[in-house]
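K.L.:
Make a model of this:
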Amino acid sequence: MCGYVFVSYRDKKTKKISHSMMRHRGPDYSGEIDLDWCRVRHWRLSIQDLTEHSHQPFTDQENYLVYNGEFYDFRQLAKKLYSKSFQSDTELLFHALKRNEFDLLKKESGFYSFVFIVQSSKTIFAARDFFGKKPLYYFFDEDLLVIASEDSTIRKIVLEYGKNVAIDPSSIAHYFEYKDLHFGKTYFKGINELAPGSSLSFDFGNWKLSENISWHEYYYSKPFYESESISRKNNQPMISTQELKENLVSSIEKRFSADVPVQLALSGGIDSTLLALLAKNHKNFDRALTISSGSRPTELIKSRLLCKKFGIDQFVIDFDDIDVMECLKDAIKAQASPLSHPHALAIYTITKEASKRGKVLITGEGADELMYGYEHYKKDKITFAFKKHLNLDDCFKGVNLHMICESNSSMMVNFLDNNSYRDLEVKTHLLSLLRRNDRNSMQNSVELRAAYLDFYLFEYVTNQQKIGALKKGKEPIVEVIKDLYMDYEVDSEKIGFYVPFDNWFSSNADLEEVDFYIRKALSFFENELNLDFLDDASIEKKLAWSLLNIGVFLELEGYDV
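P.N.:
Now for the predicted structure:
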């Protein structure tokens, strides 16, 4: 939705924050406030309440708020909590923070990342949403604190204050092994990520920064969701399709809360098909966007049939017409990191198209974690999504994983049960997808909304799964779909936005540009990490994906071999 930067410089004057620094996150308005001990700038992407009333920093001249997010049903929440109305969710959040009542909102439907400034005490309170949909990064040392929506922005600001923020070589090694970073690591030394669902506070007078949740001692060692009560008993009937449908409809309906048109990412698979069926008659619904490739046409066939039957306006993007190398560089620049999966190219491409007609795009992200939808859930030995790159003994050393898993080898994890396994999946693989979604979509000034990642829907489904009322996998969602679309047929192969990287690499492996980036990555491993590849080692496609990403990232960040 938006972006923000907070800067506090001990005993010295803060510098102006460039208006262009994160304009892509909020091109509709940008405001900056300079207080005597800190400076803050906000960039707004107007989606709810398009008037200047909700411009930020939002203030009553005593307190200040910069906020990136949405509380979808803020009108109902305002009436329920305060028996009054607010013009926007920004105003509701500001009111709750002033009254020290943020706990009333933190698990409501939506997402958030914010900094709340109390001028009288020279303190701040900042927080990030339960799933980690919206980012919060920070840099803190003996005289400088910078908090922002993007780590690359923090790096630029820290450099302005004469401090060096270099690429962290260990982060590149971590990415190469696990295809993402964990434990709040970023690719830049000294810049950290706040854990999802947590908060931090800062006291300027004592120059003290405190986090309420640490990655090691809490985030990875506690269950992602702990039910306080289970409403059904084991001897009661299985959950009805109608009951699940009501919860899904409620979650999806909230995602259409906007004062601008809403678009839908439609692959033709189970998750997005249900979204389309529930969205087709919504007054805010504009069109469905589909990515197609001649090397895998199933998505287009399924999605076109659906759109034709129900009169849904569909726009098809032919990925075969996309310049893969240019798209790769654009997506890496947007993320300021190597990409974990080629799907990031699809997210970048589809949000770029979405920006031509609107500001909001709904996706089916989170359904696989919610309903055990990944193929590896169906196997006897359930393994992590990035199992080929996971060394649990090293990566999660010292973490209390008794409720998550037990390891019988360094390359495979046997999990105690599906709920525990999903817990780790949400905290690693899903978090990686959410980081990808935020940076690629916001680079194109588009807000991505994950319809299945609603706390109340997650709570409801988890409770039913614990007592066995929900069948394993996505059968319950298929039943809901068939209630709306009798002729729907499930494909044997999982459908998603396919990016033909393997085909592209097979045809372009000998290109001079590809060779340049791969050699740059190999030089980094040799020079910075004292690691070397065998001279006769072949660069197969999966290895090429990692090396190419690393090489492009290093080039964009100015790393010189």
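K.L.:
Please count neighbours and contacts with C-alpha atoms only from this point.
P.N.:
Will do.
K.L.:
CA atoms only for stretch 268-282 - export them in PDB, please.
P.N.:
Only the C-alpha atoms of stretch 268-282 are listed here, as PDB (Å, rounded to 0.1, in the frame of the first residue of the first chain):
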ATOM      1  CA  GLY A 268      -6.800 -21.600 -13.600                       C
ATOM      2  CA  GLY A 269      -5.900 -23.800 -10.600                       C
ATOM      3  CA  ILE A 270      -8.000 -24.500  -7.600                       C
ATOM      4  CA  ASP A 271      -7.100 -21.500  -5.500                       C
ATOM      5  CA  SER A 272      -7.600 -18.800  -8.100                       C
ATOM      6  CA  THR A 273     -10.700 -20.500  -9.600                       C
ATOM      7  CA  LEU A 274     -12.500 -20.200  -6.300                       C
ATOM      8  CA  LEU A 275     -11.500 -16.500  -6.100                       C
ATOM      9  CA  ALA A 276     -12.800 -15.800  -9.600                       C
ATOM     10  CA  LEU A 277     -16.200 -17.600  -8.800                       C
ATOM     11  CA  LEU A 278     -16.600 -15.500  -5.700                       C
ATOM     12  CA  ALA A 279     -15.400 -12.300  -7.300                       C
ATOM     13  CA  LYS A 280     -17.200 -12.300 -10.600                       C
ATOM     14  CA  ASN A 281     -20.300 -10.400  -9.400                       C
ATOM     15  CA  HIS A 282     -18.500  -8.000  -7.000                       C
END
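K.L.:
in the stretch 1-150 of the chain, which spans are helices?
P.N.:
74-82, 89-98 (DSSP state H, counting those that start in this stretch).
K.L.:
Mean neighbour count, the ones you listed: which tops it?
P.N.:
Using mean count of other Cα atoms under 10 Å, the stretch among the helices of the stretch 1-150 of the chain with the largest mean neighbour count is helix 89-98, at a mean of 20.
K.L.:
what's that one in contact with?
P.N.:
48, 54, 58, 63, 65, 67, 70-72, 74-75, 78, 86, 102, 104-105, 116 (Cα atoms under 8 Å, 6 or more residues apart in numbering).
K.L.:
Generate the ChimeraX command that creates a selection of the buried members of the residues you listed.
P.N.:
Buried residues within the contacts of helix 89-98, by 16 or more other Cα atoms under 10 Å, are selected in ChimeraX with:
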select :48,54,58,63,65,67,70,71,72,74,75,78,86,105,116
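K.L.:
In the chain, where's the longest helix?
P.N.:
helix 512-529 (DSSP state H).
K.L.:
contacting residues for Tyr452?
P.N.:
248, 251-252, 364-367, 370, 458.
K.L.:
same question, Pro338
P.N.:
Pro338 neighbours (Cα under 8 Å, 6+ apart): 175, 332, 546, 549-550, 552-553.
K.L.:
Show me what counts as buried in the longest helix of the chain.
P.N.:
Under the neighbour-count criterion of 16+ other Cα under 10 Å, helix 512-529 has 514-515, 517-525 buried.
K.L.:
And for stretch 320-332?
P.N.:
So for stretch 320-332, counting by 16+ other Cα under 10 Å, buried means 324-325, 327-332.
K.L.:
Ile117 - nearest residue in space that isn't next to it in sequence?
P.N.:
Ile124 (4.5 Å; Cα to Cα, 6 or more residues apart in numbering).
K.L.:
Can you give me the neighbour number for the one you found?
P.N.:
When neighbours are defined as other Cα atoms under 10 Å, Ile124 has 20 of them.
K.L.:
list the contacts for it?
P.N.:
115-118, 201-203.
K.L.:
Kindly report the same for Ser201.
P.N.:
Here Ser201 is in contact with 123-126, 209-211 (Cα under 8 Å, 6+ apart).
K.L.:
Domain boundaries for the chain, per the record?
P.N.:
2-219, 241-367+429-484, 501-556 (automatic domain parsing).
K.L.:
and the second one, how far from the chain's centre?
P.N.:
For domain 241-367+429-484, the distance between its averaged C-alpha position and the chain's averaged C-alpha position is 13 Å (Cα atoms, centre = their mean, to the nearest Å).
K.L.:
Same question for the longest one.
P.N.:
A distance of 15 Å separates the C-alpha centroid of domain 2-219 from that of its chain, computed with Cα atoms, centre = their mean.
K.L.:
Tell me the span between the first and last residue of it.
P.N.:
26 Å (Cα to Cα, to the nearest Å).
K.L.:
one step back: among the contacts of Ser201, which two are most distant?
P.N.:
Thr123 and Glu211 (13.7 Å; Cα to Cα).
K.L.:
what about the two, which has more around it?
P.N.:
More crowded of Thr123 and Glu211, by other Cα under 10 Å: Thr123, with 19 against 15.
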